[in-house]
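Novice: I would like the atomic coordinates for the input below:
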Amino acid sequence: MTPAYDLSGKVALVTGGTRGIGQAIATALGRQGARVLVSSRKGPAVDETVASLRAAGYAADGIPANVSRLDECQKLIDAALAMAGRVDILVNNAATNPVFGPVENTSPEAFAKIMDVNLRAPFELAKGFLPSMKASGGGAIVNISSIGGLAPEQGLGIYSVSKAALVSLTQVMAKEWGTHGVRANAICPGFIKTDFSQVLWSNEAVMGEVLAHQPISRIGTPEDVAELALFLASPASAFCTGSVYLVDGGYLL
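Specialist: The predicted model follows:
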């Protein structure tokens, strides 16, 4: 274990932590010694992920929560603090996109849900854990945005808007909270093979066009994102805040 990546004694909360990128991040943090609190909407999925992490020898607990709801965000904050006393690392990974197609087809309900999960929840959770981070002398916030937050993706209009706003929110957090030792950084994954992005990578025509354009001609893995998240959560990135990191194989070049 490299000392700069040692998370022994740290408590990390990962939302959307039961599959894909979130599960890979939870595993990476646990591997480096953090006590990982896994959260997601579905209780059975949370239990299964926690059992898997514990079987691998990592310290893990689960807190089911639907972060699209303000009351459940608060319950998640309260439960995490009651369970672990503090949260040193917050990974806002939970995201949703209930629509795919022309932006004008986005209903008010879909718009609200996208913003509630992708933007409001990261803000509420970060704000809720800020006092405990201040009391501990600092913390690390890692917000999972998207390449769509930097260059809007076709068919993912409001999702891209929410992720662009999350990048801006990350920089606001970094600027206002840095004096308290709280760092905030954003990761913008490109085409990563997860259930969430299956509508894209399962389309051969789409992926053929993507891979022809990407300098690194393969689809990304959740672990590609997780290793960067580990860096941003650890002391190795102690002088990094307010930055936006791409994990896209060079797609946006």
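
Novice: residue closest to the middle of the chain?
Specialist: residue 93 (2.3 Å; Cα atoms, centre = their mean).

Novice: please list all residues in contact with that residue.
Specialist: 14, 15, 16, 17, 21, 22, 25, 144 (Cβ atoms under 8 Å, 6 or more residues apart in numbering). In short, each C-beta sits where N, CA and C put it, glycine included.

Novice: and residue 233, by the same measure?
Specialist: Neighbouring residues of residue 233 by Cβ under 8 Å, 6+ apart: 7, 12, 29, 34, 89, 91, 140, 142.

Novice: in strands, which of those residues fall?
Specialist: In strands, defined here by DSSP state E, the members of those are 12, 89, 91, 140, 142.

Novice: neighbour count, pLDDT and distance to residue 62 for these - can I get that in JSON lines?
Specialist: JSON lines is the format used below for the ones in strands among the contacts of residue 233 (neighbours: other Cβ atoms under 10 Å; pLDDT from 0 to 100; distance: Cβ to Cβ, whole Å):
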{"residue": "12", "neighbour count": "31", "pLDDT": "98", "distance to residue 62": "13"}
{"residue": "89", "neighbour count": "28", "pLDDT": "98", "distance to residue 62": "16"}
{"residue": "91", "neighbour count": "31", "pLDDT": "99", "distance to residue 62": "15"}
{"residue": "140", "neighbour count": "26", "pLDDT": "98", "distance to residue 62": "21"}
{"residue": "142", "neighbour count": "27", "pLDDT": "99", "distance to residue 62": "19"}
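
Novice: dump the contacts of residue 93 to JSON lines, plus distance to residue 204 and secondary structure.
Specialist: Below are the contacts of residue 93 laid out as JSON lines (distance: Cβ to Cβ, whole Å; DSSP: H, G, I helix; E, B strand; the rest coil):
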{"residue": "14", "distance to residue 204": "32", "secondary structure": "strand"}
{"residue": "15", "distance to residue 204": "32", "secondary structure": "strand"}
{"residue": "16", "distance to residue 204": "27", "secondary structure": "coil"}
{"residue": "17", "distance to residue 204": "30", "secondary structure": "coil"}
{"residue": "21", "distance to residue 204": "23", "secondary structure": "helix"}
{"residue": "22", "distance to residue 204": "27", "secondary structure": "helix"}
{"residue": "25", "distance to residue 204": "29", "secondary structure": "helix"}
{"residue": "144", "distance to residue 204": "26", "secondary structure": "strand"}
